[in-house]
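[1] generate a structure from the sequence data that follows.
(chains A, B, C and D)
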Protein chains: 4
Amino acid sequence: MKGATEMKKKTTQFREMLNSPGLEFLMEAHDGLSAKIVEEAGFRGIWASGLAISASLGVRDNNEASWTQVLDVVEFMSDATGIPIMLDADTGYGNFNNVRRLVRKLEQRRVAAMCIEDKLFPKTNSFIKGDQQRLADVAEFSGKIRAAKDTQQDPDFSVVARIEALIAGWGMEEALSRAEAYRAAGADALLVHSKLPTPDQVLEFMKHWGKKCPVVIVPTMYFSTPADVFAKAGVSLVIWANHLLRSSITAMRETARTIHAERSIASVEPRIASVKEVFNLQDAAELERAEETYLPKKPSR
Amino acid sequence: MKGATEMKKKTTQFREMLNSPGLEFLMEAHDGLSAKIVEEAGFRGIWASGLAISASLGVRDNNEASWTQVLDVVEFMSDATGIPIMLDADTGYGNFNNVRRLVRKLEQRRVAAMCIEDKLFPKTNSFIKGDQQRLADVAEFSGKIRAAKDTQQDPDFSVVARIEALIAGWGMEEALSRAEAYRAAGADALLVHSKLPTPDQVLEFMKHWGKKCPVVIVPTMYFSTPADVFAKAGVSLVIWANHLLRSSITAMRETARTIHAERSIASVEPRIASVKEVFNLQDAAELERAEETYLPKKPSR
Amino acid sequence: MKGATEMKKKTTQFREMLNSPGLEFLMEAHDGLSAKIVEEAGFRGIWASGLAISASLGVRDNNEASWTQVLDVVEFMSDATGIPIMLDADTGYGNFNNVRRLVRKLEQRRVAAMCIEDKLFPKTNSFIKGDQQRLADVAEFSGKIRAAKDTQQDPDFSVVARIEALIAGWGMEEALSRAEAYRAAGADALLVHSKLPTPDQVLEFMKHWGKKCPVVIVPTMYFSTPADVFAKAGVSLVIWANHLLRSSITAMRETARTIHAERSIASVEPRIASVKEVFNLQDAAELERAEETYLPKKPSR
Amino acid sequence: MKGATEMKKKTTQFREMLNSPGLEFLMEAHDGLSAKIVEEAGFRGIWASGLAISASLGVRDNNEASWTQVLDVVEFMSDATGIPIMLDADTGYGNFNNVRRLVRKLEQRRVAAMCIEDKLFPKTNSFIKGDQQRLADVAEFSGKIRAAKDTQQDPDFSVVARIEALIAGWGMEEALSRAEAYRAAGADALLVHSKLPTPDQVLEFMKHWGKKCPVVIVPTMYFSTPADVFAKAGVSLVIWANHLLRSSITAMRETARTIHAERSIASVEPRIASVKEVFNLQDAAELERAEETYLPKKPSR
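    Here you go, the predicted model:
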């Protein structure tokens, strides 16, 4: 639990990322291990992805895991790291009252921010039949945002409102109108989601929106756009949304197939992290030191 | 939950692996996703590794996660797959009574087998100061085995007793004496653990032990020994104990460093599983078909 | 875990209650302890009440507890008893897909039946603004029933469909029409709910419905009606829905106030169960016997 | 979650109780509901009893529930109340490292204090074969206390060390020697436990101990001693350890038997809390007001 010793609150760290003049990045993680790897790589924040968490649990991105099962995952992630986490909280897992409970639970677990999206519970991943998905009523979703903001005790906890209007094919006017409504309801930032292979929708949104409040994007589909384009457009935060998960799938598949085919781990051994590296990631050394401090000298058997 | 449709009980599948004349293999997994990858690669069984599960949660392999938190992980794994799982259940998480509860919970979740080791709770990984670790009293540990066997309702549920005497430096005689005690207590198989870089200890054990009951080994440290050596020695089951986890660490680190350095996902994109592959692993298609069956036609908005 | 030794499957026990010619009763419980007390009193089945479970957890009956938190409660209840439990599963906690997961989880935990109601998630207790609550679409709710029935692996698992049309003021015709739809979708029984202080609505329903399928009622509000009236009307199962919880509140309040006022437990002591009775309810004696069997003789200190 | 609005931190409230000149009282609770009833009765603090929590879950007081299952219970209790809770944390559920994790988790959930006892994991209730139970090594248990104190981030979190030497029949000298060791290790208070029907042991302890640090007692067995005797002896805190649970058992048994015998709830109805009182305990009114604030006006159907 490195967080215990961090100098600055995680909520404050995240708030500063949102409001910094430059472009900032969140890297996806889906468990305590991947969260540590994000921090170790130098990233300043973590995206606790609903898709990646559900996939790693072995279920679908359709609220098959309960919200407390997701909470348990993000608690392990938060305990394991000192940088802020934004939870991909789907629709908030119900109505405004469920959102209120969620905010309290996230604050207890020192999760810095949550993102909720204007779809219906149970959700479907935006990249699956996105254009057939129904959107939440604007007033109802705005109520969720207001409830979240009224509930949080730490003024630096952030609520990000995710707009699915472009995904659902409702058009730019709808997206902008929802953006204004959610901002007015108290959202600390907007996440504008698009599934086009180009950043056109997002850039057009930025042109109209200006700097009314920070904007977050997820360029999973328009991955080839250089970050400078987003910076120039005024985007605050870019989320690399699922790439650690996806790289782990490729690696694990390759490893499993090789070992199965060769009936041996010999050829795999040099290509993978050593057992000692696993222990290092778990900070086994700290426990050995603590044993010196807190355990009596062991009797010889 | 593919298990619903399997033809043969998982416990029976596992029992047949233990008793088959040829050498069989378990591949490590640590969450629902890696469990699916093990099955997909053609393995016939899964090792739910305590080290890998704790590492993926972001904690140490010292019973930092509670036994019910481990149970939650293995439940997701079991739901996600149709092949048998053996849980690495450390010391059984307490005394014989804790073991009795564990067996009931594992049977409910259709976990086929558990392995318990003759160390003390809370445990330390065998590769960390193994030679300083104290072993459980033989009679106490044998009581755990008997309790487990008396508790199980499915006659095919398997209890594997792990002998740490070689790891702890107590010698071959002690290992063989414990082996006999645990077998007499009802263990369905023995796991003989060694941390030497060669299979010498394990092979010597096999020479003395013969075929009194099936033997399981974990060649993490003596990885270069060909499987045929184990087969010839009469070993029943080989566990590849942590290699999916370790390969995922290498891949995620490389991916995280690249994306952080390049401020872009473009170069990573072609090297990692696609989002569609993630959906496939989650069997999103089944849900789409089920929606056709169970949801009313959606009204247009 | 008495269930381990029961002769007849819990699902079969429940199915027989539903189909027996006479009137049967379920008594509410909300945790392992109250479940044991229901069994001890001679009841043949348990109602795991959503209201009582939420109240005992300290939250509202509005899906504030997640569905897996409810599942954890009912798992303790099921482990503690040998008679069948029907879970009050609210709306099924989402759509048909959430219902499918729920059925699998309940079967694993040997819960015999579940009741789902045709309201919207998150739910509100039927006795709070019942007449303002919206009902589920008939086709959507019927899809949930079909999904549940298609999912269950044990043919004796029961799905009870709860009709809220009378509570919501939609009238008898709507109630009967929904009853027919839900029966056609595969419901094993219907729960017809009314909040009138008299059984008039329920009796009228029975008159029209006849014996097309078993009917369950909850006479919380029409509590003074003798059971024979229900028997004569053809009702199969009566649920005493929240009375253990309510009696425990009265007792605990009285006890707390007395002890606080008197700064003493002396006057309370003779009126409450002894510590020994608590141990008996926990079956401490079985553990003492098991320790004789499974623990080595303790060394003197 | 009333705690959100309390003026003074729960840890500080508890610390002030420990250090106040007068005698203070904790009343047992075992779930969110009973915790609310304790607060409602005017008590200033709550004892989250291991016996009562295990009994209400339906398991034994022998660490059959995992430590995270206990944590889930105490989280509901803490969320439901604004007064401080001391968790009966048994032995700390393992060694010093498990204690460190526990402290972090309790602080997150705003539990004010924990009490750990110098027995071995898994524990047995002190009133069952207490004189045959082995005690923890003094140095090992002192290490747990030091680890807890070094881990806590809120300086007002309290660690209470429970001395079982009198229960185990090791004598007053041993008790006093352990008291001094635990105080020196940093314990904020000592809980001196006795199972005699008179307060003699406890009073003798107080005579020798004086006021070196606050002392907590549990007069379950010597229940007829007036509180003034304890006050005069210098005791800081009295725990009424299991009386809400025990009164609920009596009430629920009586209610269950009556309803079963009478096949009716009519005679029970006037003696038990109304459904409306249940709603009041759940603060249903707050949600109705919040719905006015956060939900759009509902469309008529």
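[2] what is the neighbour count of A:Gly50?
    A:Gly50 has 24 neighbouring residues, counting by other Cβ atoms under 10 Å in any protein chain shown. Heads up, the C-betas are built off the backbone N, CA and C, glycines and all.
[3] next helix or strand past the longest helix along chain A?
    With DSSP state H setting the assignment, residue counts place helix A:243-262 as the longest helix in chain A. From helix A:243-262 onward toward the C-terminus, using DSSP states H and E, the following helix or strand is helix A:275-281.
[4] the next helix or strand after that next one close to chain B?
    Beyond helix A:275-281 on the C-terminal side, the first helix or strand identified by DSSP H and E is helix A:284-294. Yes - counting by Cβ under 8 Å from any Cβ of the partner chain, chain B has neighbours in helix A:284-294: A:284, A:287-288.
[5] how about the contacts made by the residue of the stretch 151-300 of chain A found nearest chain C?
    In the stretch 151-300 of chain A, the residue that lies nearest chain C is A:Thr151 (13.2 Å; Cβ to the nearest Cβ). By Cβ atoms under 8 Å, 6 or more residues apart in numbering or on different chains, the contact set of A:Thr151 is A:99-100, A:103-104.
[6] ok, and of those residues, which contact chain D?
    A:100, A:104.
[7] so which of the contacts of A:Thr151 is surrounded by the most neighbours?
    Going by other Cβ under 10 Å, A:Val99 tops the contacts of A:Thr151 with 26 neighbours.
[8] in what helix or strand does that one lie?
    A:Val99 is part of helix A:96-108, with elements assigned from DSSP H and E.
[9] which helices and strands does that helix pack with?
    helix A:67-79, strand A:113-117, helix A:138-151, helix D:284-294 (3 or more Cβ pairs under 8 Å, 6 or more residues apart in numbering or on different chains; DSSP states H and E).
[10] mind redoing it with 7 Å?
    Helix A:96-108 sits against strand A:113-117, helix A:138-151, helix D:284-294, with contacts defined as 3 or more Cβ pairs under 7 Å, 6 or more residues apart in numbering or on different chains; DSSP states H and E.
[11] mind saving the C-alpha coords of that helix as CSV?
    In CSV, the C-alpha atoms belonging to helix A:96-108 read as follows (Å, rounded to 0.1, in the frame of the first residue of the first chain):
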residue,chain,number,x,y,z
PHE,A,96,-28.7,8.4,-8.7
ASN,A,97,-29.0,6.6,-5.4
ASN,A,98,-26.7,3.8,-6.5
VAL,A,99,-24.3,6.5,-7.7
ARG,A,100,-24.4,8.1,-4.2
ARG,A,101,-23.3,4.8,-2.6
LEU,A,102,-20.6,4.3,-5.2
VAL,A,103,-19.1,7.7,-4.5
ARG,A,104,-18.9,6.9,-0.8
LYS,A,105,-17.3,3.6,-1.4
LEU,A,106,-14.8,5.0,-3.9
GLU,A,107,-13.7,7.7,-1.6
GLN,A,108,-13.2,5.2,1.2
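[12] next, the angle strand A:113-117 makes with it.
    160 degrees (axes from the mean of the first three to the mean of the last three Cα atoms, to 10 degrees).
[13] mean confidence for helix A:96-108?
    Regarding helix A:96-108, the rounded mean pLDDT is 98.
[14] now it, how far from the centre of its chain.
    Chain-centre distance of helix A:96-108: 17 Å, with Cα atoms, centre = their mean, to the nearest Å.
[15] quick check: angle from it to helix A:67-79?
    20 degrees.
[16] mind listing residues that contact helix A:96-108?
    Contact with helix A:96-108 is made by A:67, A:71, A:87, A:89, A:92-93, A:114, A:116, A:143-144, A:147-148, A:151-154, A:157, C:62-64, C:122, D:1, D:108-109, D:287, D:290, D:294-295, as judged by Cβ atoms under 7 Å, 6 or more residues apart in numbering or on different chains.
[17] the nearest residue to A:Asp154 once chain neighbours are set aside and A:Leu237, how far apart?
    Of all residues not flanking A:Asp154 in the chain, A:Thr11 sits nearest, at 5.1 Å (Cβ to Cβ, 6 or more residues apart in numbering or on different chains). According to Cβ to Cβ, to the nearest Å, A:Thr11 stands 15 Å off from A:Leu237.
[18] next: A:Val215.
    Taken as Cβ to Cβ, the span from A:Val215 to A:Leu237 is 8 Å.
[19] do the same with A:Ile83
    Taking Cβ to Cβ, one finds A:Ile83 at 14 Å from A:Leu237.
[20] next one: A:Ala165
    19 Å.
[21] ok, now A:Tyr222?
    16 Å.
[22] which of those two has more residues huddled nearby?
    Using other Cβ under 10 Å, the more surrounded residue of A:Tyr222 and A:Leu237 is A:Leu237, with 25 against 20.
[23] and the pLDDT for the more buried one?
    98.
[24] kindly report the same for the one 3 residues further on.
    Note for A:Trp240: predicted pLDDT of 98.
[25] what about it, how many residues nearby?
    26.
[26] residues contacting the residue of the stretch 101-250 of chain A found nearest chain C?
    Of all residues in the stretch 101-250 of chain A, the one sitting closest to chain C is A:Pro122 (4.5 Å; Cβ to the nearest Cβ). When contacts are counted by Cβ under 7 Å, 6+ apart, A:Pro122 touches A:62-63, C:94-95, C:97-98.
[27] same question, A:Ile46
    If a contact means Cβ under 7 Å, 6+ apart, then A:Ile46 has A:26-27, A:29, A:35, A:38, A:77, A:81, A:83, A:85 as its contacts.
[28] hmm, 6 Å instead?
    A:29, A:35, A:38, A:85 (Cβ atoms under 6 Å, 6 or more residues apart in numbering or on different chains).
[29] spatially nearest residue to the closest residue to chain B within the stretch 51-200 of chain A (excluding sequence neighbours)?
    Nearest residue of the stretch 51-200 of chain A to chain B (Cβ to the nearest Cβ) works out as A:Gly58 at 1.6 Å. Spatial nearest neighbour of A:Gly58, excluding adjacent residues (Cβ to Cβ, 6+ apart): B:Gly32 at 1.6 Å.
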